[in-house]
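Visitor: Could you look at this predicted model? Sequence included:
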Amino acid sequence: MFLSKEVKVSAETLKDRLVEIRRHLHRYPETAFEEEKTGEYISTLLEELGLEVKKNVAGTGVVALLKGSEEGKTIALRADMDALPLQDVKDADYSSRHPGVCHACGHDAHMAVVIGAAMLLLKYRDRMKGQVKFIFQPAEEKPPGGASFMIEAGVLNHPSVEAILGIHTNPYFPVGSVALKKGPVMAAADLVKIKIIGSGGHGAAPHQTVDPIVTAAQVIQGLQLIASRRVDPLESVVVTIGKIQGGEKFNIIPREVELEGTVRTLTSDLRDQVKGMIEKILEGITSACGAQYELEYTRNYPVLVNDNTITDLVEAASREILGEENTLLLEKPLMGSEDFANYLEHIPGSYLFLGVRPEEKKIIYPWHHPGYDINEEALPVGAAVLSWAVLKFLQK
Ligand code: NI
């Protein structure tokens, strides 16, 4: 039997165990930076496999090392551990037991898949020239994100990691498939907080005041000029104001209005320019209205850019494991963001999607929906593709 086929068959035999692990994690979800029980559970599983395990890395993170039979390169597999502050609405025996907390982004599945890869690779360690580092990080969902803290804690050193792979469930692709893309895959996401400062007064005498509500309305419109008039139409940018707060009563002009929004871009050059564009629009509009402003611009996750060579390797691995028809190529990046991008600013790697589309008859819930669920047949599929990519990277 070809070795790739053997890896796929071995992965299938792990399915029940991976489902059990995923369901345990699903029942007991924990939110960002609070993944204590999750970290303990993961480290126990890895210790039972006989791996060298480091716990409490950057808080609740777990790192394990699996050495091959010969010295060589190091590749990392990364899983995120956090759940979301949402009430699970599923009616399943594995529904969340923690009120108001739910694995509604599939991070439970990512952990099970990477544990599955550890179980598989353990069987093939004599074929590995080098080692695999398993990185379970806290807080993907909460900027500044767990990845940057894991990097600060040194997870990419000792031994130094030369490539990294990350996987995310995707309910829009069928089970048995993965989806890949070279270059930009996810956007940079920045947080904007704006305060428009006027001077309050009577609603019947606006000329005696500076109205921050009318000013804020102009600012919101003005910010849309960034996408429509300032940036090349062939480039991508999103400026969304998602929160506006100000005012007490219908006939009072307030003193201040606060706005909050997100900026998404797909290149770091454009990312650097947008802040300046926002500032100019704020300056111009507030000065025309006689108001003042304060701008707080926070750079959250950078653009996630997949490395060409590593993505080619994962693509080849997927073709060999899942076949041509189940190796999907993403045409476009997503404007969502991911702190996996932080690792890729240091070392090359690839981030791929795992098809988890539920059964035909079920409704597909998007990520972060309180009914989010996955088809668990995907767990061994993810484990097999990641393991085979690792074995190809570390082949003798
Ligand atoms: Ni996620």
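Guide: All right, it came through fine.
Visitor: moving C-terminal of the helix or strand hosting residue 17, what's the next helix or strand?
Guide: Following DSSP states H and E, one finds residue 17 within helix 15-27. Downstream of helix 15-27, the next assigned helix or strand under DSSP H and E is helix 36-48.
Visitor: other SSEs contacting the next helix or strand after that following helix?
Guide: Using DSSP H and E, the helix or strand that follows helix 36-48 in sequence is strand 52-57. On a contact count with 3 or more C-beta pairs under 8 Å, 6 or more residues apart in numbering; DSSP states H and E, strand 52-57 meets helix 36-48, strand 61-67. Just so you know, the C-beta spots here come from the backbone N, C-alpha and C atoms, and that holds for glycine as well.
Visitor: just to revisit the earlier point, touching the helix holding residue 17 from outside, list them.
Guide: Residues outside helix 15-27 that contact it (C-beta atoms under 8 Å, 6 or more residues apart in numbering): 38, 41, 45, 93-97, 103, 108-109, 111-113, 115-116, 119, 376-377, 379-380, 383.
Visitor: okay, and for the stretch 251-396 of the chain, where does confidence drop off?
Guide: Within the stretch 251-396 of the chain, the stretches with pLDDT under 70 are 361.
Visitor: ranges for the strands of the stretch 151-300 of the chain?
Guide: Counting by DSSP state E, counting those that start in this stretch, residue ranges of the strands within the stretch 151-300 of the chain are 163-170, 178-180, 183-186, 188-197, 201-202, 237-246, 252-253, 256-265, 292-299.
Visitor: what's in contact with the third one?
Guide: Which is strand 183-186. 266-267, 301, 303-306, 308, 330, 333-338, 340-341, 351.
Visitor: same thing but 10 Å
Guide: By C-beta atoms under 10 Å, 6 or more residues apart in numbering, the surrounding residues in contact with strand 183-186 are 168, 179, 236, 264-268, 301-308, 311, 330, 332-341, 344, 350-353.
Visitor: Tell me which residue is most central in this structure.
Guide: With distances taken as C-alpha atoms, centre = their mean, residue 338 lies nearest the centre of the chain, 3.0 Å away.
Visitor: where does that one land in three-state SS?
Guide: coil (DSSP: H, G, I helix; E, B strand; the rest coil).
Visitor: circling back: identify whichever of the helices and strands packed on strand 52-57 lies nearest to residue 295.
Guide: Smallest distance to residue 295 across those (C-beta to C-beta): 33.4 Å, for strand 61-67.
Visitor: average pLDDT across the next helix or strand after the closest one?
Guide: As assigned by DSSP H and E, the chain's next helix or strand after strand 61-67 is strand 70-80. If you average the pLDDT over strand 70-80, you get 97.
Visitor: Which neighbouring elements make contact with strand 70-80?
Guide: Using 3 or more C-beta pairs under 10 Å, 6 or more residues apart in numbering; DSSP states H and E, the elements in contact with strand 70-80 are strand 61-67, helix 107-123, strand 129-137, helix 146-152, strand 163-170, helix 340-344, strand 349-355, helix 378-393.
Visitor: any idea of the pLDDT on the closest residue to residue 55 other than its chain neighbours?
Guide: For residue 55, ignoring the flanking residues on the chain, the nearest one in space by C-beta to C-beta, 6 or more residues apart in numbering is residue 43 at 4.8 Å. For residue 43, the pLDDT comes out at 98.
Visitor: Residue 43: neighbour count?
Guide: Neighbour count for residue 43, taken as other C-beta atoms under 10 Å: 21.
Visitor: need the contact list for it.
Guide: Residues in contact with residue 43 (C-beta under 10 Å, 6+ apart) are 51, 53-56, 60-64, 136.
Visitor: Just the buried ones out of those, please.
Guide: Buried by 16 or more other C-beta atoms under 10 Å: 51, 53-55, 60-64, 136, out of these.
Visitor: Using JSON lines, lay out these together with pLDDT.
Guide: JSON lines is the format used below for the buried ones among the contacts of residue 43 (pLDDT from 0 to 100):
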{"residue": "51", "pLDDT": "96"}
{"residue": "53", "pLDDT": "98"}
{"residue": "54", "pLDDT": "97"}
{"residue": "55", "pLDDT": "97"}
{"residue": "60", "pLDDT": "98"}
{"residue": "61", "pLDDT": "98"}
{"residue": "62", "pLDDT": "98"}
{"residue": "63", "pLDDT": "98"}
{"residue": "64", "pLDDT": "98"}
{"residue": "136", "pLDDT": "98"}
